[in-house]
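Enquirer: dropping a prediction and its sequence here:
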Amino acid sequence: MDRPDWAPEDIDMERPSAARMYDYYLGGSHNFAADRAAAQQVQAVIPDVSVSAQANRTFLRRAVRFLVDSGVRQFLDIGSGIPTLGNVHEIAQQADPASRVVYVDIDPVAVAHSRRILAGNDHATAIRADGRQPDTILGHPEVRALLDFEQPVAIMMVAMLHFVSDDDDPAGMVRALHGAVPSGSYLALSHGTDDARPGDGAIGMAIYRNTANPITLRTRAQVTALFDGFELVPPGVVWVPQWHPDSPDEVGENPERTGVLGGVGRKE
């Protein structure tokens, strides 16, 4: 298989990646045959998965707009994925060009493409790091150079923590980040769940076990618990189309079809 010019040399093109599968669901082009094959297996079981990806992406955009309107000008986007239309820096810097954004992802394609897009943008950068190691992220020189942790920071963990197993302690990750940011900071989080369709979720999880990023779906109660230390912004943890929709049409008749819960919390 020929390696595209955007693909770093150190990636295994034969092993599917969650970031590149997500890119495929969103209609992107930064994915390989192995990613498309795995994504199509998921689609065969969960036909709404592309709808879920789009709804999750729309949640991210609405959350960033809310955070900017709340006065936040610094964003730490962990598990940011491969850039597509409506990235955090685009939304935040449209409101205030001085907004600062750090993207973090473990996937080298996501980081390489992000850096290419951000060339010449002094207020945004992308680093390659493992989201399961918050201390490494918080201590990274590019993070420390760009973000001022004396001022509020929005931590973005959108469709990220369901790729963290219970053994890797997702709640502990959030606690470490909570402890590093001042009062007035926020956590924006979305997470896959099989509350509405447990059978489909189990099959989808099995498919992801063969990728570089196995998935762990959690209940609404478990997702809500991840906001420990943050005061949830109304309406709390809901299906992502229900979180501050721009119009009733965005919610639709069956928001649970997305299989994704989301919410935003504020550190008091």
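Expert: On my side now, so go ahead.
Enquirer: for the longest helix belonging to the chain, packing partners?
Expert: Using DSSP state H, we find that the single longest helix of the chain is helix 49-69. Contacts defined by 3 or more C-beta pairs under 8 Å, 6 or more residues apart in numbering; DSSP states H and E place helix 49-69 against helix 18-25, helix 33-45, helix 88-95, strand 154-158, strand 186-192, strand 260-266. Where C-beta positions appear, they are placed from N, C-alpha and C, glycine not excepted.
Enquirer: tell me which of those sits nearest to Arg220.
Expert: Within the helices and strands packed on helix 49-69, the stretch nearest Arg220 is strand 260-266; the backing value is 5.9 Å (C-beta to C-beta).
Enquirer: partners of that closest one in the sheet?
Expert: Applying DSSP bridges, strand 260-266 is found paired with strand 186-192 (antiparallel), strand 231-232 (antiparallel), strand 238-239 (antiparallel).
Enquirer: chain center to the longest one: distance?
Expert: Chain-centre distance of strand 186-192: 8 Å, with C-alpha atoms, centre = their mean, to the nearest Å.
Enquirer: now could you export just the CA positions of that strand as PDB?
Expert: The C-alpha coordinates for strand 186-192 follow below in PDB (Å, rounded to 0.1, in the frame of the first residue of the first chain):
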ATOM      1  CA  TYR A 186     -14.900  24.400  32.500                       C
ATOM      2  CA  LEU A 187     -15.000  20.800  31.400                       C
ATOM      3  CA  ALA A 188     -16.900  19.900  28.100                       C
ATOM      4  CA  LEU A 189     -17.300  16.200  27.800                       C
ATOM      5  CA  SER A 190     -19.200  13.800  25.500                       C
ATOM      6  CA  HIS A 191     -19.200  10.000  25.900                       C
ATOM      7  CA  GLY A 192     -20.600   7.000  24.100                       C
END
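Enquirer: and the angle from it to strand 154-158?
Expert: 0 degrees (axes from the mean of the first three to the mean of the last three C-alpha atoms, to 10 degrees).
Enquirer: pLDDT of strand 186-192, averaged?
Expert: Averaged over strand 186-192, pLDDT sits at 97.
Enquirer: how about stretch 38-55?
Expert: For stretch 38-55, the mean pLDDT works out to 84.
Enquirer: what number of residues lie near Val42?
Expert: 23 (other C-beta atoms under 10 Å).
Enquirer: ok, it - contacts?
Expert: 21, 49, 204, 207-208 (C-beta atoms under 8 Å, 6 or more residues apart in numbering).
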